[in-house]
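Trainee: Only the shape, not the letters, is given here:
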């Protein structure tokens, strides 16, 4: 198996096993009061030797065997670190020979290493995987024999296919409009709701809890409710329209109206998130500001414009950034509501269609990469020119 790997693939394989061995080595030496960094270095050598040796002699010949070997190595290392203080092994004197700052640094590394490993596995590696797939002519049927770190067939054909796809730039523009309008409306609804329930009145806590329903309810449940309410044949909204003498309308399948509906759904679904942040900030505004404004004869609208809104600017800026990022990457809401039909297709749905419809993994990865770069650029522009920091 080692002979089949390129030099780069061999380096990545060795590095992965070095990390697998280094982590338990660090904690084992820390448990017996010896230099944990020396333990990490020894663990790196042991991990690399286990990985390369296991492959060389044929013990690690599949993905499941690799995962089992890594799990066994971790169980041995972390198990030894856990029981070492109770085995009677003479502890070292490392903690007494180094400075307090050195011990603090060792503790910081020990606390950060698990987060670093998990972040690498959950976030960094999938990102690298997606980038490499975007430059490879890979279809769904090719994944079983696919060599991720082979650079023999790199190509820009996936990006050419993406940019030459009919309507792609319309889809990208639609995604931007959907994101901005949905984000602004969600924050606006949250602001109105927070202003309504900030003062005491009977049943205030009940109303506050009720306002959280759209956000905490399962997405499949609220989508089903909306589909039933706006159904063209038996929906509640169309029944009311019909009773008033109006004409029935297919809200979720008519171009133009369907897009408006998915934007409204986005705003309704996520305004409670903005509501919680804004309400918390409103309640933190000192009452003295409002009392002084009343003494000066300020009307309620003036107190809102000159006191409340300026105090909310940093919170609203943060909310806009978070909601913009999350909405730009949204898939399930629109997919479940309209399936991308009636001119509601977003870039995230295009990724899904390329992957499971066209079964073209490389093109799907290229679309996702384009989406990431566009989002990165928009967020950079927002942070540079728009965002307001609290002083």
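Mentor: Happy to help now that I have it. What you see is a predicted model; the values in this text were computed from it and never measured.

Trainee: Tell me if I'm right that residue 219 and residue 331 touch.
Mentor: No. Applying Cβ atoms under 8 Å, one finds residue 219 not in contact with residue 331, separated by 10.7 Å. Using the backbone N, CA and C atoms, a C-beta is placed for each residue, glycine as well.

Trainee: what sits up against stretch 308-323?
Mentor: 182-184, 186-187, 190-191, 195, 270, 273-274, 277-278, 281-282, 285, 379, 382-383, 386-390 (Cβ atoms under 8 Å, 6 or more residues apart in numbering).

Trainee: Can you flag the buried ones in the residues you listed?
Mentor: Neighbour-count burial (16 or more other Cβ atoms under 10 Å) applied to those gives 182-183, 186-187, 190-191, 270, 273-274, 277-278, 281-282.

Trainee: and which of those residues is nearest residue 256?
Mentor: Residue 256 lies nearest to residue 182 out of the buried ones among the contacts of stretch 308-323, by Cβ to Cβ, at 16.2 Å.

Trainee: and the helix or strand that that closest one is a member of, which residues are buried?
Mentor: Applying DSSP states H and E as the criterion places residue 182 in helix 168-197. Within helix 168-197, the residues that qualify as buried are 168, 171-172, 174-176, 178-183, 185-187, 189-191, 193-194, 197, counting by 16+ other Cβ under 10 Å.

Trainee: And stretch 85-105, by the same measure?
Mentor: Within stretch 85-105, the residues that qualify as buried are residue 94, counting by 16+ other Cβ under 10 Å.

Trainee: got the end-to-end distance for that stretch?
Mentor: Distance between the boundary residues of stretch 85-105 (Cα to Cα, to the nearest Å) amounts to 22 Å.

Trainee: Contacts for that stretch, please.
Mentor: Residues lying outside stretch 85-105 but in contact with it, judged by Cβ under 8 Å, 6+ apart, are 31-35, 106.

Trainee: can we see that at 6 Å?
Mentor: Outside of stretch 85-105, the residues that reach it under the criterion Cβ atoms under 6 Å, 6 or more residues apart in numbering are 32-35.

Trainee: Residue 200: how many residues sit nearby?
Mentor: 6 (other Cβ atoms under 10 Å).

Trainee: what's the answer for residue 157, then?
Mentor: Other residues within reach of residue 157, judged by other Cβ under 10 Å, total 15.

Trainee: now for the helix holding residue 182, which elements pack on it?
Mentor: With contacts taken as 3 or more Cβ pairs under 6 Å, 6 or more residues apart in numbering; DSSP states H and E, helix 168-197 sits against helix 204-211, helix 257-283, helix 309-328, helix 347-352.

Trainee: Mind giving me the packing neighbours of the longest one?
Mentor: What it means is helix 257-283. helix 168-197, helix 213-216, helix 309-328.

Trainee: In CSV, list those along with distance to residue 93.
Mentor: Shown next, in CSV, are the helices and strands packed on helix 257-283 (distance: least, Cβ to Cβ, whole Å):
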stretch, distance to residue 93
helix 168-197, 58
helix 213-216, 54
helix 309-328, 49
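
Trainee: For this structure, which residues score under the pLDDT cut-off?
Mentor: Counting by pLDDT under 70, the chain has low-confidence residues at 1-6, 387-391.

Trainee: which residue is nearest the middle of it?
Mentor: residue 326 (7.3 Å; Cα atoms, centre = their mean).

Trainee: now it, nearest residue through space, not along the chain?
Mentor: Among residues not flanking residue 326 along the chain, residue 270 sits closest, at 8.0 Å (Cβ to Cβ, 6 or more residues apart in numbering).

Trainee: any idea how far the one you found lies from residue 207?
Mentor: 19 Å (Cβ to Cβ, to the nearest Å).

Trainee: And for residue 263?
Mentor: Distance of residue 263 to residue 207, computed by Cβ to Cβ: 25 Å.

Trainee: Same check on residue 124?
Mentor: According to Cβ to Cβ, residue 124 and residue 207 sit 44 Å apart.

Trainee: go on, residue 104?
Mentor: According to Cβ to Cβ, residue 104 stands 49 Å off from residue 207.
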